[in-house]
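**Student:** All I have is the shape, not the residue letters:
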């Protein structure tokens with residue numbers, strides 16, 4: 001499945017990159033001016049904005065914490081982007097100092113930034129690979145040296161499946177699911193246009209078409225449920241990001257403004 005997903009050795013500074021845009025809205029330093037301009041073109045409260053980024057990062061933290069509390073101590077984060085505040089390894093190691101986290105990212109700047117930032121963290125790795133190239137990901141030494149696929153593994157696919165082109169994300173996730181034993185987990189977040197008109201959706205997608213992931217798309221909650229086939233979805237189900245086990249009460253109307261859902265599932269026997 002992976003031979004057609006080659007990695008580009010060059011760094012494209014002329015095209016906005018979603019990993020670097022996400023890094024920017026989270027306050028990171030692995031981005032260029034062209035990424036900042038593209039991110040600023042997305043209105044607040046829409047996917048890709050600071051409002052959305054805060055909601056997504058909060059959900060990721062709560063999902064990782066919940067999985068740690070359930071005893072899972074291995075994480076494979078697909079399309080992770082560059083490390084910023086509140087990354088999965090920070091959350092996981094806070095709950096379990098023996099946790100192991102393998103990040104996978106195809107954007108060269110994010111990878112190089114992460115590898116420098118993660119120096120001195122032997123339980124965390126960054127792999128330069130395209131998540132669609134399953135064989136390359138699962139055989140990478142930086143993954144296999146950390147992750148024991150004979151024990152439960154949490155696959156994280158946060159804000160990435162809605163950006164994929166030329167592949168069925170349900171089949172992709174199924175392949176990763178099948179590489180993991182029962183008791184493993186999947187945490188994901190995905191764009192769902194709860195409050196956006198067709199015109200507003202087009203505003204977001206028009207920005208994305210200028211980036212290195214021009215195939216971005218909104219889906220329905222039923223579409224997201226298909227991605228979780230083979231998993232038992234944990235409560236509260238597939239919900240707006242800020243409604244997934246919030247630490248403080250959240251107004252539903254406000255939560256829907258991020259136009260993204262999150263869910264966590266456990267692999268069935």
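**Tutor:** Nice, thanks for sending it over. Just so you know, these numbers come straight off a predicted model, no measurement behind them.

**Student:** What are the boundaries of the strands in this protein?
**Tutor:** All strands of the chain, identified by DSSP state E, fall at 74-78, 100-105, 124-128, 154-158, 185-191, 231-233, 239-240, 260-267.

**Student:** Packing partners of the fifth one?
**Tutor:** By that I understand strand 185-191. The contact analysis (3 or more CB pairs under 8 Å, 6 or more residues apart in numbering; DSSP states H and E) places strand 185-191 against helix 50-69, strand 154-158, helix 169-178, helix 221-227, strand 260-267. Bear in mind the C-beta positions are built from the backbone N, C-alpha and C, glycine included.

**Student:** Which among the ones you listed is found nearest to residue 83?
**Tutor:** helix 50-69 (11.7 Å; CB to CB).

**Student:** Just the residues contacting the closest one, thanks.
**Tutor:** Contact with helix 50-69 is made by 22, 25-26, 44-46, 75, 84-86, 88, 91-92, 95-96, 99, 154, 156, 158-159, 185, 187, 189, 234, 241-242, 244-247, 255, 257-260, 262, 264, as judged by CB atoms under 8 Å, 6 or more residues apart in numbering.

**Student:** Same question for stretch 83-96.
**Tutor:** 23, 26-28, 57-58, 60-61, 64-65, 68-69, 73, 75, 77, 80, 99, 101, 103, 113-114, 117-118, 121, 123-124, 156.

**Student:** buried sites along that stretch?
**Tutor:** By neighbour count on 16 or more other CB atoms under 10 Å, the buried set for stretch 83-96 is 83, 84, 87, 88, 89, 90, 91, 92, 93.

**Student:** Please identify which of these is nearest to residue 221.
**Tutor:** residue 88 (24.0 Å).

**Student:** returning to what we had before: let me have the helices and strands packed on strand 185-191 in TSV, adding distance to residue 40 and mean neighbour count as columns.
**Tutor:** Listed next are the helices and strands packed on strand 185-191 as TSV, based on distance: least, CB to CB, whole Å; neighbours: other CB atoms under 10 Å:
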stretch	distance to residue 40	mean neighbour count
helix 50-69	10	21
strand 154-158	22	25
helix 169-178	28	17
helix 221-227	28	17
strand 260-267	19	24
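
**Student:** need the ones you listed in TSV with mean pLDDT and distance to residue 37, can you?
**Tutor:** Shown next, in TSV, are the helices and strands packed on strand 185-191 (pLDDT from 0 to 100; distance: least, CB to CB, whole Å):
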stretch	mean pLDDT	distance to residue 37
helix 50-69	96	15
strand 154-158	98	24
helix 169-178	97	28
helix 221-227	96	30
strand 260-267	98	23
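
**Student:** Which stretch among the ones you listed approaches residue 14 most closely?
**Tutor:** Between those, helix 50-69 lies closest to residue 14; by CB to CB that is 23.6 Å.

**Student:** just how off-centre is the closest one within its chain?
**Tutor:** 10 Å (CA atoms, centre = their mean, to the nearest Å).

**Student:** for stretch 99-108, same thing?
**Tutor:** With CA atoms, centre = their mean, you get 10 Å for stretch 99-108.
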